[in-house]
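predicted coordinates and the sequence they were generated for:
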Amino acid sequence: MSIQLNHTIVHSRDKAASAKFTAEVLGLPAPFPFGPFLCVRTDNDVTLDFIDVDGEITEQHYAFLVSEDEFDEIFGRIKDRGLSYWADPHHRQTGEINTNDGGRGVYFDDPDGHALEILTRPYGSGS
């Protein structure tokens, strides 16, 4: 049996704005509707299914493994939008990227406060 993540639900205050933000910053195709969701499909066919919720949103973390070229493109969009970014998940190393495992990584927040991360090497894969 091959077990794969198929989708996850992302709570948002404005699913259209949040899905569009995620798709645009990551350079993914435009969101598409499915039932009450707006879905953003990644290249490995996992979808982030954005849904509007009332009340408080518990912030989540979503990490995306990208190539070196994709990192440059996405990081450029992060900077072009004037988004704050950090080298660490605790938001202590402001305006920096990390070089964990011989790759590069950076964290930034979506409009609902979810921590998004792009990294070029999986954690534990290098020195």
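Arrived safely.

so which strand or helix has the residue lying closest to P33 once chain neighbours are set aside?
Sequence neighbours aside, C39 is the residue nearest to P33 in space, at 7.4 Å (criterion: C-beta to C-beta, 6 or more residues apart in numbering). C-beta: built from backbone N, CA, C; applies to glycine. Using DSSP states H and E, C39 maps to strand 37-41.

packing partners for that strand?
helix 15-26, strand 32-34, strand 47-52 (3 or more C-beta pairs under 8 Å, 6 or more residues apart in numbering; DSSP states H and E).

tabulate these (a markdown table), appending mean pLDDT.
Output for the helices and strands packed on strand 37-41, formatted as a markdown table (pLDDT from 0 to 100):
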| stretch | mean pLDDT |
| --- | --- |
| helix 15-26 | 98 |
| strand 32-34 | 98 |
| strand 47-52 | 98 |
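
switch the ones you listed over to JSON lines; also include mean neighbour count and distance to V106.
Putting the helices and strands packed on strand 37-41 into JSON lines (neighbours: other C-beta atoms under 10 Å; distance: least, C-beta to C-beta, whole Å) gives the following:
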{"stretch": "helix 15-26", "mean neighbour count": "20", "distance to V106": "11"}
{"stretch": "strand 32-34", "mean neighbour count": "12", "distance to V106": "27"}
{"stretch": "strand 47-52", "mean neighbour count": "20", "distance to V106": "18"}
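
can you say which of these is nearest to G103?
The closest of the helices and strands packed on strand 37-41 to G103 is helix 15-26. By C-beta to C-beta, the value is 17.0 Å.

what's that closest one in contact with?
10, 12, 28-31, 37-40, 42, 48, 50-52, 64, 74, 77-78, 81, 83, 108, 110-112, 116, 118 (C-beta atoms under 8 Å, 6 or more residues apart in numbering).

among those residues, name the buried ones.
10, 12, 28, 31, 37-40, 42, 48, 50-51, 64, 74, 78, 108, 110, 112, 116, 118 (16 or more other C-beta atoms under 10 Å).

show me where pLDDT drops low in this structure?
Residues of the chain meeting the criterion pLDDT under 70: 127.

what about the helices in it?
15-26, 68-80 (DSSP state H).

dump those into CSV; add distance to T94 as well.
Listed next are the helices of the chain as CSV, based on distance: least, C-beta to C-beta, whole Å:
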stretch, distance to T94
helix 15-26, 18
helix 68-80, 13
